[in-house]
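K.L.:
Have a look; sequence and predicted model below, questions after that.
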Amino acid sequence: MTDFTLHTLESAPDASKPLLEDSARIYGMIPKLHAVLAESPEALEAYKQLHNHVLNSSLTAEEKTVVWQTINVEHGCHYCVPAHSMIANMMNVDSGIVQALRDRTPLPTEKLEVLRDTTLAILKDRGVIDGSALERFYAVGYGKQQLLEILMTLSQKVISNYINHIADTPLDEAFKPFA
């Protein structure tokens, strides 16, 4: 484990302070992931911007959850799996979907299963995806926009999952019921 500071509004670099104030306003707290990322104002800002872009993507709440949790589970992120379980709950995503993603068991629809398979293929093969996998992805109704949005979400999750591994980010109290 690398020794990272859980920054507060007082300890954070000046450029991170408005970003942490924004986090506190949005979440009612400063998530510990943001507190760690505050060490680099640019990293924190990039993460927050990617998160907002994912939220504004064409993916439904269920689809966002599938992509987020597929990546979180594959990376074994002790912080993001419970955090995104809580987020899914707040977005009214069926708890059965969340549990299936965590357990790596079948999802309720072929479309969501194809989304998980495509996300895993991109993740595991570092963006080299088989033509038949892409055909299957397009055949269930997804398009190039959603493919690009998977990549954008993967970028967000690499930042959070990897820093959580490196910093061993402690879990926020709000996420503990979802651990």
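P.N.:
It's in. All values reported here derive from a predicted model rather than from experimental measurement. Numbers count the residues shown, from 1 in each chain.
K.L.:
for the protein, which spans come out with low pLDDT?
P.N.:
For the chain, the stretches flagged by pLDDT under 70 are 1-2.
K.L.:
Do a quick rundown of the helices in the protein.
P.N.:
Applying DSSP state H to the chain gives helices spanning 17-27, 32-37, 41-55, 61-75, 80-90, 95-103, 110-124, 131-139, 144-167.
K.L.:
got JSON lines for those, with distance to residue 173 too?
P.N.:
Quick note: C-beta positions are derived from backbone N, CA and C, even for glycine. Putting these into JSON lines (distance: least, C-beta to C-beta, whole Å) gives the following:
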{"stretch": "helix 17-27", "distance to residue 173": "12"}
{"stretch": "helix 32-37", "distance to residue 173": "10"}
{"stretch": "helix 41-55", "distance to residue 173": "20"}
{"stretch": "helix 61-75", "distance to residue 173": "19"}
{"stretch": "helix 80-90", "distance to residue 173": "11"}
{"stretch": "helix 95-103", "distance to residue 173": "20"}
{"stretch": "helix 110-124", "distance to residue 173": "29"}
{"stretch": "helix 131-139", "distance to residue 173": "38"}
{"stretch": "helix 144-167", "distance to residue 173": "16"}
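K.L.:
Tell me which of the ones you listed sits most buried.
P.N.:
helix 32-37 (a mean of 26; mean count of other C-beta atoms under 10 Å).
K.L.:
any residues touching that helix, and which ones?
P.N.:
4-8, 19-20, 23, 43-44, 47-48, 79-80, 83, 159-160, 163-164, 167, 169-172 (C-beta atoms under 8 Å, 6 or more residues apart in numbering).
K.L.:
of all the helices of the chain, which lies closest to residue 177?
P.N.:
Proximity to residue 177 (C-beta to C-beta) singles out helix 80-90 among the helices of the chain, at 7.7 Å.
K.L.:
Next, the angle from that closest one to helix 41-55.
P.N.:
40 degrees (axes from the mean of the first three to the mean of the last three C-alpha atoms, to 10 degrees).
K.L.:
And residue 129, how far from residue 123?
P.N.:
Distance, residue 129 to residue 123, using C-beta to C-beta, to the nearest Å: 10 Å.
K.L.:
How about residue 112: what's its closest non-neighbour residue?
P.N.:
Distances taken as C-beta to C-beta, 6 or more residues apart in numbering place residue 66 nearest to residue 112, at 5.4 Å, with adjacent residues excluded.
K.L.:
In this structure that neighbour contacts residue 109, no?
P.N.:
No. Residue 66 lies out of contact with residue 109 (C-beta atoms under 8 Å); the separation is 10.1 Å.
K.L.:
Mutual contacts of the two, please.
P.N.:
Residues touching both residue 66 and residue 109 (C-beta under 8 Å, 6+ apart): there are none.
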